[in-house]
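K.L.:
okay, predicted coordinates and the sequence, questions at the end:
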Amino acid sequence: MEFTQYPITILIIALNVILSVWAFNNSNVMNKAIMWPYGVVRNKQYYRFISSGFIHADFMHLFFNMFTFFFFGSAVEQYFVGYQLGGEYSYLALYFLGLILSDYPTFLKQKNNSAYLCLGASGAVSAVVFAAIIFDPWSKIYLYGALGIPAALYAVLYIVYCVYMGKKSSDHINHDAHLWGSLFGLVFTITLIAVIDPHLFELIIEQLKHPHFLGK
């Protein structure tokens, strides 16, 4: 496995691991980094839109996000470089804008709630996952590591699930961030292709014409 093919992905994973482990062992770091909409508004702590995306609730949360990000992020980084879609700069824009914008609707909703906190890279990871799906819509994605379904179907089910769970609000997961991160990833990547190399749509459409209903 040639890690030099996707250095930005490796760097982002390394930063997530280092900063998350630091926050696990230092409550002061955790408190200063976590997304706290109430504090952002009143103390102008806008940095939390970024810092909260590099810390996680526990090792399982960290592992799941980084495991997902590695497989999809490494693919997207190579797509952006290989298809000359702005390379690493576009990839970094996808990740960090996804991180910020996925949290913004929650920020607006919770800015007057002093008790609300959230953290994690899930919004940015969702943006990267959906960017990857555009380039390979029939690739197989495994749910819970066992059930393989085509990526295009996964995208539809994921959005429906996020909308449903966001309205239900029965757990402590920020489903809105997952939803808006996913939608941002789609819009960003489609716009990037349209601006830089619209001929790529021919390749994408051709793939869509030949579905693999069990994934490939």
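P.N.:
Received, thanks. Numbers count the residues shown, from 1 in each chain.

K.L.:
wait, Val129 sits on Ser182?
P.N.:
Yes. In this structure, Val129 is within contact of Ser182 by CB atoms under 8 Å, at 7.1 Å. Just so you know, the C-beta spots here come from the backbone N, C-alpha and C atoms, and that holds for glycine as well.

K.L.:
how close does Glu177 sit to Asp136?
P.N.:
Not quite, residue 177 is Ala, not Glu. Look at Ala177 and Asp136: by CB to CB, to the nearest Å, they are 24 Å apart.

K.L.:
neighbour count: these two, which is higher?
P.N.:
Set side by side, Ala177 and Asp136 show more neighbours around Ala177, with 31 against 16, by other CB atoms under 10 Å.

K.L.:
now the helices for this structure?
P.N.:
7-24, 27-33, 37-43, 48-51, 59-82, 87-110, 122-135, 151-168, 175-196, 200-208 (DSSP state H).

K.L.:
show me where this structure dips below the pLDDT cut-off.
P.N.:
Low-confidence segments of the chain (pLDDT under 70): 1-3, 144-146, 169-173, 214-215.

K.L.:
swap the cut-off to 90 and go again
P.N.:
Applying pLDDT under 90 to the chain flags residues 1-5, 64, 68, 139-176, 208-216.

K.L.:
so what's the residue count around Arg42?
P.N.:
12.
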